[in-house]
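Colleague: The following block contains a protein sequence and its predicted model.
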Amino acid sequence: MSKFLKFILALFIPFMLNAQDADYGPEIQSIKDSFVSIMQQYKDGKIDEAKTTTQNAYFGHFENIEAAIRVNLGQKKAYSMESKFGKIRKAIIAKKSVEEIQAIMDELNKEMDEVLPVINAGHKLVGEYSDPKNADAAQTAKTTEASQTTAQPASSAAIEPHWQVVYNDIKTALSAAAAAYEKGDKDAAKQQISNKAKFELYRNTKLEEAIRRFITGGQGIDGDIQKRMGSAIIAINNDVAADVLKSNLEELDALIYENVAKLPMDSGSLATNVVLPDNAEDDAATDFAPVVASIKAKIADAIKLYAAKDVAKAMSDAQDIYFDEFEGSGMENKVGAIDVGLKTKIEGNFGEVVALMKAGVSVERLQQAADNLGANLDAALEKTSGSSSPWALFVYALTIILREGFEALIIVAAVVAYLLKTGNEKRMSIVYSSLVVAVVLSFVMAWIMNLIFAGAAGQKREVMEGAVMLIAVGLLFYVGFWLLSNAGAKKWSKYIQSHVSESISAGSAKALWWTVFLAVFREGAETVLFYQALIFDAKDSAGYSMIALGFIVGLVILLVTYYVFKIFAIKIPIKPFFLFTSAIIFYMSIVFVGKGLMEFVEGKIFVPTKIEGFPTIEWLGIYPYYESLVPQTIMVAALIIGVIIMKKKQAKEA
């Protein structure tokens, strides 16, 4: 157990270090300072330096606050602010006027000032509620310590876009009021609550009227909201403690959010004085068209750098595009939830572009690879356009659990069958405990990856997944040879009685435990993220129900498959069983080597060397790169040599 705890600590400490509360003020100030430098560089005619400083401001500083903005104010707010860095860069390239560029910077500076009190006072490690009732329950049940967190908006797809904008602004105003009061500025606090939140946002946008008209008991709810606003003003006048005011405002925030989330999609027509962000859609579905357009434009820029012989910069930019755009926007998870084959193709396209740059191919050949990437992105855009129907969500949910669960199922069933076959039914706790731990840690890891990381989150995730795969390879190879060596043993009944139990208790149990754990954990976190993408796509209870139904039906199919496999394995003779199980495990280990190394490629650990004309065979984990094929070839050679040695040894013992 102590070794297991050490492993878990080693696995999670690097991620948990990112979980500590932070003051985002220095990051925002660094961005503002960068803007000053950019403007001076631009005025001096240093265009390239200005572009580089812009990129550094984004990657070096904004990405450190992006996750906090997304968690506290929604993905659209984060994307809206993020896109302004792209606008600044484009304006610099287009040689726009100083005034135009400064205007974009001023707008972003204003937004950063507005969100700072929210992200400093808001959630650091708390997930977004997809169920407003849970958000409200969490608020009403909070302790003094927990009261420092605020109600979270669900995904932007869960709320009518106009009211999402209004709610986000109200949330910002209430947080600003709490921050101002804590600093002793009572007038500013009252202004944020009364003038800003109550009159400018709640009343003038007609959110007040929408709640009264579209929600059951809306008049009473509206009265409660406005009464709480008035009570907050009175509390300020009475010099109430800052933490008490903050707690009251958070309860008000939760109440407003709970009811905004209940407003129907057609209620948005009532909204006035509300400007949607450029990337908001009328149907509230996530639009990845700007993401695809941005990827194509940035890939084109990278090819220009390559043509100008700046290969290192071109390769770095091409790799960043994958994380900053495809993964960072949420498009990867959405595509993966719908069509994992297409997701894999797109990942391969990105890797191919970088590998071809490393190989020094012609610009024409590189452009061909970029065109292939663009075509697959267009196909992905078509699949992700609009909201999915309930039946489509059912199919996606069913497909995910079957697809992600089948590989793990094979290994788990093989271990279970082995224990039963060798009379070790009492050691089934090995499987049960590793399954439970793997499932729990899968949710934990998905939660950490989704809420803490910004910018390099995807990169760290790919590296972690690759490491888990390669660790699993070692265990699978060990277990495979262990089973294969036993397949030729004589007098099996005697061997089982005298050796197997001793072998398991002496150490093989640990190998079996880790084999099951890694098989499930490897698939688990990604599965959770895929289902999260589906949940964000669902707009009502019907969609949520169909996702749950698809998941349950998939589990039933997996369980039936598991029992069929187990029964089949128990009935066949012991030697064919061990040979069959060993073959499956060796197959999985070879696949994991290829996929694990490709995760390292996607995680920017190294740039692969492409073998032109070599096919990609996904189900075998075969990719057209030396870095993956060489280790796989070595593994196959080791397997052949190992089999020959075992045959000779068994022949001598016969």
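Modeller: Noted; the coordinates are in hand.
Colleague: Now His317: closest residue in space that isn't a chain neighbour?
Modeller: Quick fix: residue 317 reads Asp, not His. Excluding the flanking residues, the one nearest Asp317 by CB to CB, 6 or more residues apart in numbering is Ala302, at 4.5 Å. C-betas here are computed from N, CA, C, even on glycine.
Colleague: List the buried residues of the helix or strand where that neighbour lies.
Modeller: Element membership for Ala302 (DSSP states H and E) is helix 289-307. Using 16 or more other CB atoms under 10 Å as the test for burial, helix 289-307 gives Val291, Val292, Ser294, Ile295, Lys296, Lys298, Ile299, Asp301, Ala302, Ile303, Leu305, Tyr306.
Colleague: Tell me how many other residues crowd the residue lying closest to the fifth one once chain neighbours are set aside.
Modeller: So that's Lys296. The shortest distance from Lys296 to any non-neighbouring residue, by CB to CB, 6+ apart, is to Gly374 (5.4 Å). For Gly374, the number of neighbouring residues by other CB atoms under 10 Å comes to 16.
Colleague: my guess is Gly374 contacts Lys298, does it?
Modeller: No - with contact defined as CB atoms under 8 Å, Gly374 does not reach Lys298; the gap is 11.7 Å.
Colleague: follow-up on the earlier one: reformat the buried residues of helix 289-307 into a markdown table and put distance to Tyr181 next to each item.
Modeller: As requested, the buried residues of helix 289-307 are exported to a markdown table (distance: CB to CB, whole Å):
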| residue | distance to Tyr181 |
| --- | --- |
| Val291 | 40 |
| Val292 | 45 |
| Ser294 | 40 |
| Ile295 | 44 |
| Lys296 | 48 |
| Lys298 | 44 |
| Ile299 | 49 |
| Asp301 | 47 |
| Ala302 | 49 |
| Ile303 | 53 |
| Leu305 | 51 |
| Tyr306 | 55 |
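Colleague: Closest one of the residues you listed to Val520?
Modeller: Val291 (31.7 Å; CB to CB).
Colleague: Phe606 falls within a strand, correct?
Modeller: No - read with DSSP: H, G, I helix; E, B strand; the rest coil, Phe606 is coil and lies in no strand.
Colleague: what's the neighbour count on it?
Modeller: Counted with other CB under 10 Å, Phe606 comes out at 12.
Colleague: Enumerate every residue touching it.
Modeller: Phe600, Glu627 (CB atoms under 8 Å, 6 or more residues apart in numbering).
Colleague: Same check on Gln192?
Modeller: Ala173, Leu174, Ala176, Ala177, Ala180.
Colleague: burial measure for Val98, as a count.
Modeller: 11.
Colleague: confidence score at it?
Modeller: You'll see Val98 listed with a pLDDT of 87.
Colleague: In this structure it contacts Lys43, no?
Modeller: Yes - counting by CB under 8 Å, Val98 does reach Lys43; the two are 6.4 Å apart.
Colleague: ok, back up a step: from memory the residue nearest to Asp317 sits against Ala318, does it?
Modeller: Yes - under the criterion of CB under 8 Å, Ala302 makes contact with Ala318 at 4.6 Å.
Colleague: Quickly list what's touching both of those two.
Modeller: Going by CB under 8 Å, 6+ apart, residues that sit against Ala302 and also against Ala318 are Val353, Met357.
Colleague: Assess the claim that Glu49 and Met39 are in contact.
Modeller: No - using CB under 8 Å, Glu49 is not in contact with Met39, being 11.7 Å away.
Colleague: on that earlier part again, wait, which of the buried residues of helix 289-307 is closest to Trp447?
Modeller: Taking those together and measuring to Trp447 by CB to CB, the closest member is Val291, at 24.1 Å.
Colleague: In terms of pLDDT, where does the closest one sit?
Modeller: Taking Val291 on its own, its pLDDT is 80.
Colleague: Surely it touches Glu325?
Modeller: Yes - between Val291 and Glu325 there is a contact under CB under 8 Å: 5.6 Å.
Colleague: Thank you, goodbye.
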